[in-house]
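Colleague: need a structure here:
(4 chains)
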Protein chains: 2
Amino acid sequence: MKISNKPTVTAQDVARLAGVSRAVVSRALSNNGSVSPQSRARVEAAARQLGYQVNFLAQGLNRQRSQLIGVVVARLTDPFRSTLVNALLSAIQARGYQALVTEITDEQETGLSLRRFVQFRVSGVIVTSGQPPESIVRECIEHHIPVVGINRAQSGPSMDVVCSDNQAGAMLAASQLRKAGCQSFIWLNYQGSTWAGRARGEAFHHALAEKGIALRELQATQDGYEGGFLAAQRHDLLPRQATTGVFCANALLACGFLDGMRQQGKNAPTDFHLIGFDNTPQTAWESYQLTTIHQQVDVLAAKALDCLHERAKHPELAARVIPVAVELVHRRTSPCTTEQTGTL
Amino acid sequence: MKISNKPTVTAQDVARLAGVSRAVVSRALSNNGSVSPQSRARVEAAARQLGYQVNFLAQGLNRQRSQLIGVVVARLTDPFRSTLVNALLSAIQARGYQALVTEITDEQETGLSLRRFVQFRVSGVIVTSGQPPESIVRECIEHHIPVVGINRAQSGPSMDVVCSDNQAGAMLAASQLRKAGCQSFIWLNYQGSTWAGRARGEAFHHALAEKGIALRELQATQDGYEGGFLAAQRHDLLPRQATTGVFCANALLACGFLDGMRQQGKNAPTDFHLIGFDNTPQTAWESYQLTTIHQQVDVLAAKALDCLHERAKHPELAARVIPVAVELVHRRTSPCTTEQTGTL
DNA sequence: TTGAAAGCGATACCAT
DNA sequence: ATGGTATCGCTTTCAA
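Modeller: The predicted model follows:
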């Protein structure tokens, strides 16, 4: 088969066919500046006829800004991450942008990703993993590229953050476990946890401390499902005299922990109560039916984009932290209590 | 906080500082053409000093090609998809490219995505979901942009395809189930399945037909976990007189089916045998321990990129289908049989 | 409203 | 080896 070498159609070609100048073509197609109705019609006809497509590279070069939005993510195989990225992609495309995605395997790479994004003159950057060095965030800002983090610590004055309400999540969990009659509490997290995990732990700690209750911290030595599974191997987890409520930093840990306990012959909610974070699809599966704190990924995504948009217009604004509400999803590992009296 | 308006550093600035021309800067930094060692050193020093970063938009415009690779994906929340995309991102970045990812919610959108990719002058396109219209693939080819599909039907003469060996997978499944003593067979697939699912079903059918064995087709009315779960609700699935072997088109269906059967009080491998496809992380979880056909996502990703690379050099080559080996992972829903004599 | 022209920033060819 | 220059394709003043 012969490959035809049909040359690219440029605005010049459209102009020629429409009998106008390239300037008019540009204005007509981008709805910028004024064009007479008849010129516009002729341009549109010509463009359609030739199958003209704007060259985004040239457009971006000229405008000093591409229709690209950079997204940094790590371990996309984590179901929560992929759910979040999925929501981000939808939101990004719905607003007419394209996602430039980089996967990092190491926190250090975040900075390199941002640099790369600058080189593409992206319209904004969304960081879902890793903590970019303040200096590199500033490089972005100097190029008028807004940066927003999702579910991470606010670092420095240049990056906005959209964050699920970890406090509220921890409160909901504490409240539910107490209503369910738990008197002994465990907080399970990976020892090398991300900031979000630690924040949830602290909030859980505080929520209980307010009631004068202490909790036990269980550190998983691995991340993810395996970490939770192994953490459940310890034999001194469930005291005889009190029902134990376990709160996990994320869904994978929770699933692993549940399976680990079952292997020990213990199950929820009979032998203990269990609440996770994230509400990933698997937590709803029949084998788990995990009570969990739901994160509204679509809201996180939407607010992140709003944030980029606003900051592009007002670069001088102080960095903000935008909270997103979470919800408690009642499932079997800590069923809904009928009593409505809990005050926590 | 004041936002400094530091102007962008261009090759011109580097040239000035290094006391050479822009041309030399370009050559030195891209290792193209010849530059004296001392010039090179001065350029590199100047570039570092100024923090110079190539503008990829300008570079791409000039070279008619960006360091971008377009990836089309649907339903990233499916664990197999996110695993695959994860592997693709790694491979793409390892080769010095950046991934431009578009999510489609409808097969129709594939074409639009490809068009968008052309506008960014990507170096290649990888389609993991949807079937692009041949006409649009040709548009890409005319722009010298190679297109490769992963796990899909070869459509038309312009698109290469990298594909897990569905035949082999089905054979492995059939062989395992027979060795395990199954005499009755079920093929479970979503009724609106993708091409890959259907291909697996046909291959399973053939593998059994060769031995004169018929199979029963079970059509899930929904996709994913729920589809499998609901499919298991039918009460006539397991005949009394023979052990039944079930093969599922993908991992989600298999997990759902297993949970559905358990709800009926039936479990694998005691009441039936079950094999899935994909080997997603969840199939290894303790609650499932699904015997499954493993897809080597990293190999799929690597071959896809090889493909793009080769085709960029030889656009006239006939479209190829590149098979990737699959492996049977023995787990509990159809344990490894010790006998070594089975010939299928 | 329209068109001419000056960039945007980098690259590659072609003399030197 | 080096530098001048045309070029990639589009956008946006600025005059007319």
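Colleague: Excluding covalently adjacent residues, which one is nearest to the residue in the stretch 101-250 of chain A positioned nearest to DNA strand D?
Modeller: Nearest residue of the stretch 101-250 of chain A to DNA strand D, counting by CB to the nearest atom of the strand: A:Arg121, 12.2 Å away. (Each C-beta comes from the backbone N, C-alpha and C, glycine too.) If the residues on either side of it in the chain are set aside, A:Arg121 comes closest to A:Ser66, at 4.9 Å by CB to CB, 6 or more residues apart in numbering or on different chains.
Colleague: Equivalent analysis for A:Pro133, please.
Modeller: Spatial nearest neighbour of A:Pro133, chain neighbours left out: A:Gly111 (5.1 Å); criterion: CB to CB, 6+ apart.
Colleague: Secondary structure class of that neighbour, three-state.
Modeller: helix (DSSP: H, G, I helix; E, B strand; the rest coil).
Colleague: what pLDDT does it get?
Modeller: Reading off the confidence values, A:Gly111 has pLDDT 95.
Colleague: now the one 3 residues further on
Modeller: According to the prediction, A:Leu114 has pLDDT 98.
Colleague: quick one, phi/psi of the closest residue to it other than its chain neighbours?
Modeller: Spatial nearest neighbour of A:Leu114, excluding adjacent residues (CB to CB, 6+ apart): A:Ile136 at 5.0 Å. The phi/psi pair for A:Ile136 (degrees, to the nearest 10) reads phi -80, psi -30.
Colleague: Give the burial count for A:Ile136, as a bare number.
Modeller: A:Ile136: 18 surrounding residues under other CB atoms under 10 Å in any protein chain shown.
Colleague: Name the helix or strand for whichever residue of the stretch 51-200 of chain A sits closest to DNA strand C, please.
Modeller: Residue nearest to DNA strand C within the stretch 51-200 of chain A: A:Asn62 (3.7 Å; CB to the nearest atom of the strand). Per DSSP states H and E, A:Asn62 falls inside helix A:56-63.
Colleague: Can you mark which positions in that helix are buried?
Modeller: For helix A:56-63, a neighbour-count test (16 or more other CB atoms under 10 Å in any protein chain shown) marks A:Phe56, A:Leu57, A:Ala58, A:Gln59, A:Gly60, A:Leu61 as buried.
Colleague: The residue nearest to the fifth one when sequence neighbours are not counted sits in which helix or strand?
Modeller: It stands for A:Gly60. Closest residue in space to A:Gly60, ignoring its immediate chain neighbours: A:Ser66 at 3.6 Å, by CB to CB, 6+ apart. If you go by DSSP H and E, A:Ser66 is not part of any helix or strand.
Colleague: which residue ranges form the helices in the stretch 151-300 of chain A?
Modeller: With helices called from DSSP state H, counting those that start in this stretch, the stretch 151-300 of chain A shows them at A:166-179, A:195-209, A:224-231, A:251-263, A:297-313.
Colleague: helices and strands around the longest one, which ones?
Modeller: Of the remaining helices and strands, those touching helix A:297-313 by 3 or more CB pairs under 8 Å, 6 or more residues apart in numbering or on different chains; DSSP states H and E are helix A:79-94, strand A:124-127, strand A:147-150, strand A:160-164, strand A:321-324.
Colleague: The second one: how far from the chain's middle?
Modeller: For strand A:124-127, the separation from the chain centroid amounts to 11 Å (computed by CA atoms, centre = their mean, to the nearest Å).
Colleague: Pull up the pairing partners for it, direction included.
Modeller: Here strand A:124-127 has these sheet partners by DSSP bridges: strand A:68-74 (parallel), strand A:147-150 (parallel).
Colleague: ok, and which of the ones you listed has the densest surroundings?
Modeller: strand A:147-150 (a mean of 28; mean count of other CB atoms under 10 Å in any protein chain shown).
Colleague: In PDB, list the C-alpha atoms belonging to that strand.
Modeller: Extracted in PDB, the C-alpha atoms of strand A:147-150 (Å, rounded to 0.1, in the frame of the first residue of the first chain):
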ATOM      1  CA  VAL A 147      -0.200  24.100  40.600                       C
ATOM      2  CA  VAL A 148      -2.800  22.300  42.700                       C
ATOM      3  CA  GLY A 149      -2.300  19.200  45.000                       C
ATOM      4  CA  ILE A 150      -5.000  16.700  45.800                       C
END
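Colleague: quick check: mean pLDDT across stretch A:208-224?
Modeller: Mean predicted confidence for stretch A:208-224 is 96.
Colleague: Buried by neighbour count: which residues of it qualify?
Modeller: Within stretch A:208-224, the residues scored as buried using 16+ other CB under 10 Å are A:Leu208, A:Ile213, A:Leu215, A:Leu218, A:Ala220, A:Gln222, A:Asp223, A:Gly224.
Colleague: Does the fifth one touch A:Gly227 like I think?
Modeller: Yes - applying CB atoms under 8 Å as the test, A:Ala220 and A:Gly227 come out as touching, 3.5 Å apart.
Colleague: Which neighbours do these two have in common?
Modeller: Residues touching both A:Ala220 and A:Gly227 by CB atoms under 8 Å, 6 or more residues apart in numbering or on different chains: A:Tyr190, A:Leu253.
Colleague: shouldn't A:Phe56 be in contact with B:Val122?
Modeller: No - the criterion here is CB under 8 Å, and A:Phe56 misses it with B:Val122 at 10.2 Å.
Colleague: Look up the closest residue to the residue most central in space within chain A, ignoring the ones flanking it.
Modeller: Central residue of chain A (CA atoms, centre = their mean): A:Leu84, 4.5 Å from the mean position. Nearest in space to A:Leu84, with sequence neighbours left out and distances taken as CB to CB, 6+ apart, is A:Val297 at 4.9 Å.
Colleague: Could you export the strands paired with strand A:124-127 as TSV, including distance to DNA strand C and mean pLDDT?
Modeller: Listed next are these as TSV, based on distance: least, CB to the nearest atom of the strand, whole Å; pLDDT from 0 to 100:
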stretch	distance to DNA strand C	mean pLDDT
strand A:68-74	16	98
strand A:147-150	20	98
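Colleague: Output those as CSV; include the columns distance to B:Ala318.
Modeller: Output for those, formatted as CSV (distance: least, CB to CB, whole Å):
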stretch, distance to B:Ala318
strand A:68-74, 34
strand A:147-150, 45
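Colleague: Going by neighbour count, list what's buried in stretch A:27-35.
Modeller: Quick answer for stretch A:27-35 (16+ other CB under 10 Å): A:Arg27, A:Ala28, A:Leu29, A:Val35.
Colleague: so is the third one in a helix, a strand, or just coil?
Modeller: Here A:Leu29 is recorded as helix under three-state DSSP.
Colleague: Quick check: it touching A:Ala47?
Modeller: Yes - here A:Leu29 reaches A:Ala47: they are 6.6 Å apart, a contact under CB under 8 Å.
Colleague: Quick check: which ranges of chain A have low pLDDT?
Modeller: A:1-6, A:339-344 (pLDDT under 70).
Colleague: Walk me through the domains of it.
Modeller: Described in terms of automatic domain parsing, the domain architecture of chain A consists of the residue ranges A:11-54, A:63-165+A:297-326, A:167-296.
Colleague: gap between the last one and the chain center?
Modeller: Relative to the mean C-alpha coordinate of its chain, domain A:167-296 is positioned 22 Å out (CA atoms, centre = their mean).
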